[in-house]
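Asks: Need a 3D model of the sequence below.
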Amino acid sequence: MKLELVASQMESLGNPTRLRIYRMLVRAGIDGLPVGGLQQRLDIPASTLSHHCKKLLDAGLVTQERNGTTLICRANYKAMSSLIGYLADECCADGRCEETLNAVTE
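Replies: Have a look, this model is predicted:
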C-alpha cells in the first residue's frame, strides 16, 4: 500500500463522526445502509452527513450505489483489510511484541 493512501484513510477515520459512520457501515455488512438511515441514526443534518461520506468515499473506505431513489453506502471491506494489514504487517519486525514480553515474564 502507498503511504499517501494509508495517511488519507487514517486521516478520514480520525474524525469522530466519520469513525461512527464507518463503524455503522462495517457493522451493516454487504447490504450497507441507506443514507437516510445513517442520517436518522446519527441525528445530523444531511449536508453534514454528505460532507463526511464524501471524505470516506475519497479515501476509498466507503462505496455508494444508487438503488432507485435510495443511495446505499457500504464499507469497502477490501480497503479496510488492506489498511489493517498495512498497520499489522511489520508488527514487532525490529523487536519483541508486548504479548511475547508478557508471556516471558509471567
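Asks: ok, residues contacting stretch 81-95?
Replies: The contact list for stretch 81-95 (CB atoms under 8 Å, 6 or more residues apart in numbering) reads Met1, Val6, Gln9, Met10, Leu61, Cys97, Thr100. For glycine as for every other residue, the C-beta is placed from the backbone atoms N, C-alpha and C.
Asks: Show me which of the residues you listed are buried.
Replies: If you count burial by 16 or more other CB atoms under 10 Å, the buried members of the contacts of stretch 81-95 come out as Gln9, Leu61.
Asks: Pull the most distant pair out of the contacts of stretch 81-95.
Replies: Spanning the widest gap among the contacts of stretch 81-95 are Leu61 and Thr100, at 31.4 Å by CB to CB.
Asks: ok, back up a step: and of the contacts of stretch 81-95, the nearest to Asp43?
Replies: Asp43 has its nearest neighbour among those in Leu61, at 22.1 Å by CB to CB.
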